[in-house]
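*Asks:* Have a look; sequence and predicted model below, questions after that.
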Amino acid sequence: MKYYYLIAGLPTLSLDDAGSAAPPSIDQFRETCRGWLSSREFTTVEEVLGDREVSSETPFLAEWRSRETQLRNAVVRQRAARLNLDAEPFMREHGSFDSYTEKFVINTFSRPSPLDREMELDRYRWKTADDLAGFDLFSLSGLLSYALKLRMVHRWARMNDAHGQAKLEELAGARS
């Protein structure tokens, strides 16, 4: 029952409006969850929000890790092919294989802009998070899906000219 109250009170997220809407901050979301979740559940949410290697074993996260790894492997293969490099040293093991993911990444890499490619990859991740949450959005899986999406929204909100220029200068300074 606690998930109903917690999740129903969260604002709707949209990847397409990442820069215009005001989603809760990661810290606000974390604090909202703290009062509703057990310490084990909260630790799982913390791991998802921190984009760390998740050690919690929920069926949702196990499948998310597998699908994300396959997606990243497909991206590595596409980037390596463009650079005429061997992708094998960069590949990671994952669970089941989904041919749709492979075809999706091939199609995504036909887009001319790296920004468009990144947005398509995140849209795929968004859909994957929705699919894994299933029909019961008011569950721990639904909350973890929301946490993943919130992370994506904040990533896209940070993508602006000023942040990009600062990152470029940081990288250029590191090379000198």
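*Replies:* Yep, it's here. Numbering: from 1, shown residues only.

*Asks:* How about the contacts made by the nearest residue to residue 81 once chain neighbours are set aside?
*Replies:* What sits nearest to residue 81 in space, not counting adjacent residues and going by C-beta to C-beta, 6 or more residues apart in numbering, is residue 87, at 7.5 Å. For the C-beta atoms, the positions are set from N, CA and C on the backbone; glycine is no exception. For residue 87, the contacting residues are 73, 76, 77, 79, 80, 81, by C-beta atoms under 8 Å, 6 or more residues apart in numbering.

*Asks:* Which positions in stretch 28-36 come out as buried?
*Replies:* Within stretch 28-36, the residues that count as buried by 16 or more other C-beta atoms under 10 Å are 29, 30, 33, 36.

*Asks:* Secondary structure and pLDDT added to the residues you listed, as a markdown table?
*Replies:* Formatted as a markdown table, those follow (DSSP: H, G, I helix; E, B strand; the rest coil; pLDDT from 0 to 100):
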| residue | secondary structure | pLDDT |
| --- | --- | --- |
| 29 | helix | 94 |
| 30 | helix | 93 |
| 33 | helix | 92 |
| 36 | coil | 91 |
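
*Asks:* circling back: look up phi and psi at the residue nearest to residue 81.
*Replies:* Note on residue 87: backbone dihedrals following degrees, to the nearest 10 are phi -80, psi -20.

*Asks:* so what secondary structure elements neighbour the longest helix belonging to the chain?
*Replies:* Counting by DSSP state H, the longest helix found in the chain is helix 59-83. Helix 59-83 is packed against helix 99-108, helix 114-133, helix 140-157, with contacts defined by 3 or more C-beta pairs under 8 Å, 6 or more residues apart in numbering; DSSP states H and E.

*Asks:* Nearest to residue 175, out of these?
*Replies:* Closest of the helices and strands packed on helix 59-83 to residue 175 is helix 114-133, at 19.9 Å (criterion: C-beta to C-beta).
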